[in-house]
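Colleague: model the structure of this input:
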Amino acid sequence: MISLRDRRVALIGGAGFIGHNLALKLRERGAKVSVIDGLSVNNLLHFAALNGSDPRANMYLKMLNERLDLMRAAGVELYVQDARDYHALCRVLGEVEPQAIVQLAAVAHAGRSNKDPYSTFDHSQRTLENALDFARSASIEHFVYFSSSMVYGHFPGEQVTEESPCEPLGIYGALKYAGEKIVIAYNQVFDLPYTIVRPSALYGERCVSRRVGQIFIESSLEGKEITVQGNGEDRLDFTYIDDLTQGLICVLEHEASRNQIFNLTFGEARSISDLTDILKTEFPNVRICFEPRDKLMPRRGTLNVDKARELIGYQPRFPLDRGYPKYIEWYRRFWDKFDK
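Modeller: Presented below is the predicted three-dimensional model:
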């Protein structure tokens, strides 16, 4: 086991949904956490620039400021820096002197990636290349890369393991898989120790990415109709943010995570209909309509997490029936106090 107390960990793109939650968990364990983030991709500067054109922008700005307040209170160092700038990123990392780097910077939305591949490459691959080049020159002890369940493409059966073939569909999945190959190549050439993690269908507090669970809650709170793509039978391995961050702590604490790929999900697929059924217990009057599913959205299922259980002691605790009501409860409280 590697003690995280006083361990220097840099989170590149760490002011995002996953990053700020991970930063808080790391600080609870005594790690010295530095977040490097330009605050522009789906973050503070982006929503501030909308200047009221998006009716939800002010609400999301409040969520984003809450992220920053929580990190500040926890003693997380924030460096506002665009990771696409190689020399500036290296300057900050050189000051921080991290022992471990977690690479989170990316365009974390498949639909946006397909609409704007240039920007996706710039914010995802360019930032990864910069981080890797610093890491190999600075002899970083551990490099953690965030991939995605989208690298698998259409699941060949009800579940996939880390050994299942990857046939990504669309720009987002292709770039994530390319990122994995680049990380592995840096290990082959420069002996850079790495871990690749593949999360799926994340949800939880202070997310502004408008993932399906968030969209459903907001529409219900607004008294609007819920729109489901397809017939509701699509299955996703919905993962509550606390399970993912717990898995990442395991990755950083265990030597056995080095040079491995892990599925980090709850480990059980549930249908969109299951999600709406839980929603209806909280919002009995919710109305649901259906529309054709996105042809670029692969058919997925369960990501087997046995490898993470066995090698690093990963123990997810939030099935959808427990995690989603918890998220709804938080959203109600936030919604009620927000001056709409």
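Colleague: where do the helices of the stretch 101-250 of the chain begin and end?
Modeller: 110-115, 117-121, 127-137, 170-190, 212-221, 241-253 (DSSP state H, counting those that start in this stretch).
Colleague: please name the residues that touch residue 45.
Modeller: 38, 39 (C-beta atoms under 8 Å, 6 or more residues apart in numbering). In this view, the C-beta of every residue, glycine as well, is placed from N, C-alpha and C.
Colleague: low pLDDT regions in the stretch 201-340 of the chain?
Modeller: Across the stretch 201-340 of the chain, the ranges flagged by pLDDT under 70 are 339-340.
Colleague: out of the helices of the stretch 101-250 of the chain, which gets nearest to residue 67?
Modeller: Closest of the helices of the stretch 101-250 of the chain to residue 67 is helix 241-253, at 12.1 Å (criterion: C-beta to C-beta).
Colleague: output that closest one as PDB, nothing but the C-alphas.
Modeller: Taking C-alpha atoms only, helix 241-253 is exported to PDB below (Å, rounded to 0.1, in the frame of the first residue of the first chain):
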ATOM      1  CA  ILE A 241     -19.400   9.700  -8.400                       C
ATOM      2  CA  ASP A 242     -18.500   8.400  -4.900                       C
ATOM      3  CA  ASP A 243     -17.900   4.900  -6.200                       C
ATOM      4  CA  LEU A 244     -15.600   6.200  -9.000                       C
ATOM      5  CA  THR A 245     -13.500   8.400  -6.600                       C
ATOM      6  CA  GLN A 246     -13.200   5.500  -4.200                       C
ATOM      7  CA  GLY A 247     -11.900   3.400  -7.000                       C
ATOM      8  CA  LEU A 248      -9.400   6.100  -7.900                       C
ATOM      9  CA  ILE A 249      -8.100   6.200  -4.400                       C
ATOM     10  CA  CYS A 250      -7.600   2.400  -4.700                       C
ATOM     11  CA  VAL A 251      -5.700   3.000  -7.900                       C
ATOM     12  CA  LEU A 252      -3.400   5.500  -6.300                       C
ATOM     13  CA  GLU A 253      -2.800   3.500  -3.100                       C
END
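Colleague: who does that helix touch, helix- and strand-wise?
Modeller: Secondary-structure packing of helix 241-253 (3 or more C-beta pairs under 8 Å, 6 or more residues apart in numbering; DSSP states H and E): helix 17-28, strand 142-146, strand 194-198, strand 202-203, helix 306-312.
Colleague: distance to residue 328 added to these, as a markdown table?
Modeller: Shown next, in a markdown table, are the helices and strands packed on helix 241-253 (distance: least, C-beta to C-beta, whole Å):
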| stretch | distance to residue 328 |
| --- | --- |
| helix 17-28 | 17 |
| strand 142-146 | 26 |
| strand 194-198 | 26 |
| strand 202-203 | 10 |
| helix 306-312 | 27 |
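Colleague: looking at these, spot the one closest to residue 86.
Modeller: Residue 86 lies closest to strand 142-146 among the helices and strands packed on helix 241-253, at 16.3 Å (C-beta to C-beta).
Colleague: direction included, what does that closest one pair up with?
Modeller: Strand 142-146 pairs in its sheet with strand 100-103 (parallel), strand 194-198 (parallel), by DSSP bridges.
Colleague: deepest-packed of those, please.
Modeller: strand 100-103 (a mean of 27; mean count of other C-beta atoms under 10 Å).
Colleague: next one: the residue located most distally from the centre of the chain from residue 216, what distance?
Modeller: Relative to the mean C-alpha coordinate of the chain, counting by C-alpha atoms, centre = their mean, the farthest residue is residue 285 (31.3 Å). Distance, residue 285 to residue 216, by C-beta to C-beta, to the nearest Å: 14 Å.
Colleague: likewise residue 223?
Modeller: Per C-beta to C-beta, residue 223 is found 13 Å from residue 216.
Colleague: compare those two (neighbour count), which wins?
Modeller: Taking other C-beta atoms under 10 Å, residue 223 and residue 216 do not tie; residue 216 has more neighbours (24 against 10).
Colleague: correct me if wrong: that one contacts residue 279.
Modeller: Yes: in this structure, residue 216 is within contact of residue 279 by C-beta atoms under 8 Å, at 5.4 Å.
Colleague: now list whatever residues contact both of the two.
Modeller: residue 226.
Colleague: what's around residue 238, how many residues?
Modeller: For residue 238, the count of nearby residues is 27 (other C-beta under 10 Å).
Colleague: cool, and residue 123?
Modeller: Residue 123 - counted by other C-beta under 10 Å - has 25 other residues nearby.
Colleague: what sits against it?
Modeller: Counting by C-beta under 8 Å, 6+ apart, residue 123 makes contact with 41, 84, 105, 106, 107.
Colleague: quick one: closest of the helices and strands packed on helix 241-253 to residue 67.
Modeller: Closest to residue 67 of the helices and strands packed on helix 241-253, according to C-beta to C-beta: helix 17-28, at 4.3 Å.
Colleague: any regions of the stretch 1-150 of the chain where pLDDT drops low?
Modeller: 52, 109-111.
Colleague: quick one: closest of the strands paired with strand 142-146 to residue 138.
Modeller: Nearest to residue 138 among the strands paired with strand 142-146 is strand 100-103; the distance by C-beta to C-beta comes to 9.1 Å.
Colleague: wait, residue 100 touches residue 135, no?
Modeller: No: Residue 100 is beyond contact range of residue 135, at 9.6 Å (criterion: C-beta under 8 Å).
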